[in-house]
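[1] What follows is a predicted protein model with its sequence.
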Amino acid sequence: MNDETTDDRIYRVVLNDEEQYSIWPAGQDLPDGWHAEGTQGPKDECLNRITEVWTDMRPRSLRERMAAQA
């Protein structure tokens, strides 16, 4: 029987130029514009890392534009 709730794959935390985070299966080529952040492990571990570091969901360009207007 296949338990669909079990995900034993290893993931990487990835980041784009706008400092937006996601996870990507380890061992697969990253899409253009994304690079590895350095964290790798089970899905929950990677998602926890994103929760820790991605505290401002706005894209970097928007944050910079808003800071320049302030």
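    On my side now, so go ahead.
[2] any idea which helix or strand comes after the lengthiest strand in the chain?
    In terms of residue count, the longest strand belonging to the chain (DSSP state E) is strand 34-42. Next in sequence after strand 34-42, counting helices and strands by DSSP states H and E, comes helix 43-53.
[3] Show me what that next one is packed up against.
    Counting by 3 or more Cβ pairs under 8 Å, 6 or more residues apart in numbering; DSSP states H and E, the packing neighbours recorded for helix 43-53 are strand 10-16, strand 21-25, strand 34-42. Backbone N, C-alpha and C define where each C-beta goes, glycine included.
[4] Apply 6 Å and report the result again.
    Applying 3 or more Cβ pairs under 6 Å, 6 or more residues apart in numbering; DSSP states H and E, one finds that helix 43-53 makes contact with strand 10-16.
[5] List the contacts of the strand it packs on.
    Strand 10-16 has contacts (Cβ atoms under 6 Å, 6 or more residues apart in numbering) with 21-26, 33-34, 36-37, 39-40, 43, 46, 49.
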